[in-house]
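Chemist: missing the sequence, but the structure's below:
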């Protein structure tokens, strides 16, 4: 344990690095956790991870150390195909972001099968820490079998088509769907596969189109002019009681909910060493508490699909985005588990890179900086078109990275791209 009390750092002396060993035992299932315990369960590990990292960084800075290491050791979080350890799995996004903020810090996420003996775990951890500088994410199935995560490119046309899933009477509940990227994608989807939309946001809205203002009003008018049956509901999805009331209201006014699209989220960049836990938690809440409350309140049996608008940051990390990376990777893990537990539900997690014209990259004025890093935005028209095409195809997994040019992030291994010979490649590429 790294000391946090006054004077304890002096007793420890030089600190070369930090190894965080995540809890070995999985907590109760997301749907089975008692309501009173849910918030405590969701926040326990990320708060501990953040404060441990901050204590280590404070000691490292005080000692003027430019190098060192930070390792997260997990059990059965990433090496297994399906896991309920969403928290420790999400820690990888945090560690990647920390590495990008401190490039000289050797950052590791090392996952072990529960069957590997403790002495072998210790030996493998030390071996990983002796490897070259940079970020490494590995999993050991046995002491002799070491796996590295790699995203492989896939061709849209290699994915089998799915039969039509939606009917004109189906209701899709969409969080964060009245603005930006989600609105564009759902607009295109409903033009191809008609359904009724219940858009949910935190902004207030009266009854009647003219009582809302700005972007929400424009979205509703555009949808209705195109013949899409759409309604807007205000709700704080981090409040369990409010979500339960929302579900009841949508069911009463529009009918049974057949689909869920979870896109609500906020992003306020800040470095790991500077962010208070309360601010960190505010970024996690819409993604994590929102999805948890929705899945606990919704009848799951009638659902045809659960779709998450996640982020490539969950897979790559990003400086200043440790909380956002954690939240989105947690969502990815929940959808993979949900697909396993309820195979009749089509689960999709779209890990998007930044978009042009709309979305958080535009609101945060970060496009120019991302371009200098070699990251190009996805054109809005192309991104929305590709969303519809991918929704109508069968995926080999629940998660997909969709991006334009990403540059060399150093935290994601995209392997070797095998593309047809052509002079220019200007299409969005998917990775899985």
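Modeler: Sure, I can see it. Keep in mind the model is a prediction, meaning the values are calculated, not measured.

Chemist: which residue packs closest to the residue nearest to the spatial centre of the chain, ignoring adjacent ones?
Modeler: Centroid-nearest residue in the chain, with C-alpha atoms, centre = their mean: residue 328, separated by 1.5 Å. Distances taken as C-beta to C-beta, 6 or more residues apart in numbering place residue 314 nearest to residue 328, at 3.6 Å, with adjacent residues excluded. (Glycine included, C-beta is placed from N, CA and C.)

Chemist: same check, this time on residue 24
Modeler: residue 75 (4.7 Å).

Chemist: show me the beta-bridge partners of the one you found.
Modeler: When assigned by DSSP bridges, residue 75 has beta-bridge partners residue 112.

Chemist: ok, it - contacts?
Modeler: Residues near residue 75 by C-beta atoms under 8 Å, 6 or more residues apart in numbering: 22, 24, 85, 88, 111-114.

Chemist: could you redo the last one with a cut-off of 10 Å?
Modeler: Contacts for residue 75 (C-beta atoms under 10 Å, 6 or more residues apart in numbering) come out as 21-26, 83, 85, 88, 111-116, 121.

Chemist: tell me which of these is nearest to residue 257?
Modeler: Of all the contacts of residue 75, the one with the least separation from residue 257 (C-beta to C-beta) is residue 83, at 27.2 Å.

Chemist: any low-confidence regions in the stretch 101-250 of the chain?
Modeler: In the predicted model, the stretch 101-250 of the chain carries pLDDT under 70 at residues 205-213.

Chemist: what segments of it are helices?
Modeler: Along the stretch 101-250 of the chain, counting by DSSP state H, counting those that start in this stretch, helices occupy 118-129, 180-192, 214-225, 240-254.

Chemist: deepest-packed of those, please.
Modeler: helix 180-192 (a mean of 22; mean count of other C-beta atoms under 10 Å).

Chemist: ok and that helix relative to helix 214-225, angle-wise?
Modeler: Between helix 180-192 and helix 214-225, the angle comes out at 0 degrees (axes from the mean of the first three to the mean of the last three C-alpha atoms, to 10 degrees).

Chemist: picking that back up, for the strand or helix carrying the residue nearest to residue 328, name the packing helices and strands.
Modeler: Residue 314 belongs to helix 313-316 when elements are defined using DSSP states H and E. With contacts defined as 3 or more C-beta pairs under 10 Å, 6 or more residues apart in numbering; DSSP states H and E, the packing partners of helix 313-316 are helix 86-101, helix 322-341, strand 346-352, strand 399-403.

Chemist: buried stuff in the first one?
Modeler: Neighbour-count burial for helix 86-101, with 16 or more other C-beta atoms under 10 Å as criterion, is recorded at 86-101.

Chemist: and those, which is closest to residue 218?
Modeler: residue 93 (33.1 Å).

Chemist: pull out the buried members of the contacts of residue 75.
Modeler: With burial judged by 16+ other C-beta under 10 Å, the buried subset of those is 22, 83, 85, 88, 111-113, 116, 121.

Chemist: surely residue 69 touches residue 98?
Modeler: No. Judged on C-beta atoms under 10 Å, residue 69 makes no contact with residue 98 at a distance of 11.1 Å.

Chemist: mutual contacts of those two, please.
Modeler: Common neighbours of residue 69 and residue 98 (C-beta under 10 Å, 6+ apart) are 56, 105, 107.

Chemist: between these, which is closest to residue 226?
Modeler: residue 107 (47.0 Å).

Chemist: now do the strands in this structure.
Modeler: Assigned by DSSP state E, the strands in the chain fall at 17-21, 69-75, 106-112, 135-142, 145-148, 153-154, 171-175, 196-201, 230-234, 257-262, 305-311, 346-352, 399-403, 429-431.

Chemist: what strands line up against the longest one, and which way round?
Modeler: It refers to strand 135-142. In the sheet, strand 135-142 lines up against strand 106-112 (parallel), strand 145-148 (antiparallel) (DSSP bridges).

Chemist: so for residue 411, which of those strands sits nearest?
Modeler: In terms of C-beta to C-beta, the element of those nearest to residue 411 is strand 106-112, at 8.3 Å.

Chemist: in JSON lines: the helices of the stretch 101-250 of the chain, plus distance to residue 377.
Modeler: JSON lines is the format used below for the helices of the stretch 101-250 of the chain (distance: least, C-beta to C-beta, whole Å):
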{"stretch": "helix 118-129", "distance to residue 377": "35"}
{"stretch": "helix 180-192", "distance to residue 377": "11"}
{"stretch": "helix 214-225", "distance to residue 377": "19"}
{"stretch": "helix 240-254", "distance to residue 377": "32"}
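
Chemist: minimum distance to residue 390: which of those helices has it?
Modeler: That would be helix 180-192 among the helices of the stretch 101-250 of the chain, by C-beta to C-beta, at 10.0 Å.

Chemist: between the closest one and strand 196-201, how big is the angle?
Modeler: Taking the same axes, to 10 degrees, helix 180-192 and strand 196-201 form an angle of 170 degrees between their directions.

Chemist: quick one: stretch 191-201 to chain centroid distance?
Modeler: Relative to its chain's centre, stretch 191-201 lies at 22 Å (C-alpha atoms, centre = their mean, to the nearest Å).

Chemist: flag every buried residue along it.
Modeler: Result for stretch 191-201 [16+ other C-beta under 10 Å]: buried residues 193-201.

Chemist: same thing with stretch 267-279?
Modeler: Those buried within stretch 267-279 under the rule 16+ other C-beta under 10 Å are 267, 269, 272, 275.

Chemist: how much space between the first one and residue 92?
Modeler: It stands for residue 267. 18 Å (C-beta to C-beta, to the nearest Å).

Chemist: report the contact partners of the residue nearest to residue 175 when sequence neighbours are not counted.
Modeler: Leaving aside its sequence neighbours, residue 175 sits nearest to residue 264 (C-beta to C-beta, 6+ apart; 4.0 Å). By C-beta under 10 Å, 6+ apart, residue 264 lies in contact with 174-177, 182, 200-202, 235, 237-238, 285-287, 290-291, 294, 309.

Chemist: residue 48 too?
Modeler: Here residue 48 is in contact with 20, 22-23, 87, 91, 277 (C-beta under 10 Å, 6+ apart).

Chemist: ok now whichever helix in the chain runs longest, how far from the chain's centre?
Modeler: Ranked by number of residues, the top helix in the chain under DSSP state H is helix 35-62. Taking C-alpha atoms, centre = their mean, the mean C-alpha location of helix 35-62 is offset from the chain mean by 18 Å.

Chemist: again, but for stretch 316-334
Modeler: With C-alpha atoms, centre = their mean, you get 5 Å for stretch 316-334.
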